[in-house]
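**Q** sequence unknown, structure follows:
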């Protein structure tokens with residue numbers, strides 16, 4: 001679905017139709033420099049020429065007269081070009097005195113001149129459907145005099161945590177219970193993706209309660225996300241319930257952390273069953289959920305998160321068989337050399353490792369232990385979600 005919004009309200013939204021320029025940009029031939037508008041035919045290939053200054057052209061206040069042969073017009077950056085002129089001589093290359101200007105050799109026809117429509121012509125596509133609207137795009141739309149844009153409505157995402165061991169903030173944990181952090185990290189990541197979020201709280205490990213939550217979520221959202229309950233424990237009901245109400249399209253990934261990740265459909269809603277461990281939730285969201293949510297929200301194309309190689313100053317433990325996403329701290333020394341080090345212990349329950357990290361160190365499936373100084377792939381977190 002789409003909606004029309006004020007151009008300012010379009011920030012971080014996804015364009016649902018092309019933006020067509022209704023005008024030429026720039027609207028008129030204009031000067032790219034402060035200087036003098038001249039006729040190239042009046043300049044000399046060798047030696048100097050002295051021209052009469054016929055007047056001035058300012059931005060927003062064009063020269064009102066008509067240039068004659070042997071004349072020049074003082075012109076400012078962005079000012080409309082007199083129709084008779086075809087070249088701009090920047091003021092540093094001219095000497096003005098007593099109503100005249102002397103110009104030397106070495107100039108080119110049409111230099112320092114911006115033609116009408118050279119940035120955008122009337123009827124040209126300025127922005128394509130599927131682009132996210134950043135401040136630059138908002139400014140470009142405003143420069144065309146367009147006050148409203150058509151955008152895709154925000155993706156609706158319902159999410160809940162499962163587990164008898166979880167309590168919400170404000171409650172007093174009982175024996176063996178912990179505060180639920182996953183809903184807060186998920187809420188933050190969804191908010192940064194500019195989704196409409198529906199927080200359904202903590203659902204106990206009861207098949208009837210989980211079934212009711214799934215039905216409610218699928219009826220009200222485009223995407224349903226859960227954390228916990230997708231492993232193989234006796235109280236992990238999420239995958240079985242998904243099989244009952246919809247379909248499981250894949251379950252378990254050769255990655256660490258995040259192996260129990262599940263994906264499927266419930267009615268018309270997409271479903272992501274994230275693991276219960278806090279780090280696993282964030283890693284699977286970065287590596288899988290983000291790349292699915294952006295095209296669902298209308299963005300096209302979706303650029304991949306860039307990775308690049310830097311030396312790792314830490315010794316890394318890794319067994320072959322799964323791709324690992326270890327949490328790293330990317331830094332630059334006084335000489336401009338980049339390197340990465342691990343945050344410390346990499347347990348999937350250590351959320352502090354995500355708070356300290358600014359990147360993932362990505363170790364491929366067949367990689368074993370890493371010695372200090374080895375080049376590794378890193379993926380910067382900031383800018384992802």
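**A** That came through, no problem. Nothing here was measured: the structure is a model prediction, and the numbers come from that model.

**Q** alpha carbons only for contacts and neighbour counts from here, please
**A** Noted.

**Q** now do the lengthiest helix in the chain, average pLDDT.
**A** The residue-count maximum for a helix in the chain (DSSP state H) belongs to helix 207-220. Mean pLDDT, helix 207-220: 94.

**Q** which parts of stretch 267-286 are buried?
**A** For stretch 267-286, the neighbour count (16 or more other C-alpha atoms under 10 Å) marks 269-286 as buried.

**Q** what is the end-to-end distance of it?
**A** Using C-alpha to C-alpha, to the nearest Å, the end-to-end distance of stretch 267-286 comes to 25 Å.

**Q** which other helices and strands contact the longest helix of the chain?
**A** If contacts are counted by 3 or more C-alpha pairs under 8 Å, 6 or more residues apart in numbering; DSSP states H and E, helix 207-220 sits against strand 156-162, strand 196-203, strand 223-227, helix 238-245.

**Q** tell me the SS of residue 52?
**A** Using DSSP: H, G, I helix; E, B strand; the rest coil, the three-state assignment for residue 52 comes out as strand.

**Q** what residues does it make contact with?
**A** Residues near residue 52 by C-alpha atoms under 8 Å, 6 or more residues apart in numbering: 70, 71, 72, 99, 100, 101.

**Q** show me which pair in these is furthest apart.
**A** Greatest spatial distance in those: 70 and 99, 12.8 Å, computed using C-alpha to C-alpha.

**Q** thinking again about what came up before, which stretch among the helices and strands packed on helix 207-220 comes nearest residue 353?
**A** Among these, strand 223-227 comes nearest to residue 353, with 18.9 Å by C-alpha to C-alpha.

**Q** outside of the closest one itself, list whatever touches it.
**A** Applying C-alpha under 8 Å, 6+ apart, the external contacts of strand 223-227 come out as 155-162, 182, 214, 217-218, 269-276, 281.

**Q** what packs against the helix or strand bottoming out on mean pLDDT in the chain?
**A** Between all helices and strands in the chain, the lowest mean by mean pLDDT, DSSP states H and E belongs to helix 238-245, at a mean of 84. The contact analysis (3+ C-alpha pairs under 8 Å, 6+ apart) places helix 238-245 against helix 207-220, strand 262-266.

**Q** thinking again about what came up before, residue 166: which of the contacts of residue 52 is nearest?
**A** Closest to residue 166 out of the contacts of residue 52 is residue 72 (79.1 Å), distances taken as C-alpha to C-alpha.

**Q** so that closest one makes contact with residue 53?
**A** Yes. Residue 72 lies in contact with residue 53 (C-alpha atoms under 8 Å); the separation is 4.9 Å.

**Q** name the residues contacting each of those two.
**A** With C-alpha under 8 Å, 6+ apart, residue 72 and residue 53 have common neighbours residue 101.

**Q** between the two, point out the one with more neighbours.
**A** A count of neighbours by other C-alpha atoms under 10 Å puts residue 72 above the other of residue 72 and residue 53, at 28 against 21.

**Q** next, the buried residues of the host helix or strand of the more buried one.
**A** According to DSSP states H and E, residue 72 maps onto strand 71-75. Within strand 71-75, the residues that count as buried by 16+ other C-alpha under 10 Å are 71, 72, 73, 74, 75.

**Q** got the contact list for the next helix-or-strand element following it?
**A** Moving toward the C-terminus from strand 71-75, the next helix or strand (DSSP H and E) is strand 87-90. Strand 87-90 has contacts (C-alpha under 8 Å, 6+ apart) with 31, 33-40, 103, 107-113.

**Q** which of those residues are buried, as a ChimeraX select command?
**A** Buried residues among those (16+ other C-alpha under 10 Å), as a ChimeraX selection:
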select :31,33,34,35,36,37,38,39,40,103,107,110,111,112,113
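
**Q** from the contacts of strand 87-90, which land in strands?
**A** Counting by DSSP state E, the part of the contacts of strand 87-90 found in strands is 31, 35, 36, 37, 38, 103, 113.

**Q** re the thing from before, out of the helices and strands packed on helix 207-220, which is closest to residue 142?
**A** Evaluated over the helices and strands packed on helix 207-220, closeness to residue 142 peaks at strand 196-203, with 26.0 Å, by C-alpha to C-alpha.

**Q** report the angle between the closest one and strand 223-227.
**A** Interaxial angle, strand 196-203 versus strand 223-227 (axes from the mean of the first three to the mean of the last three C-alpha atoms, to 10 degrees): 30 degrees.

**Q** adjacent strands (with direction) for strand 196-203?
**A** Strand pairing for strand 196-203, using DSSP bridges, gives strand 156-162 (parallel).
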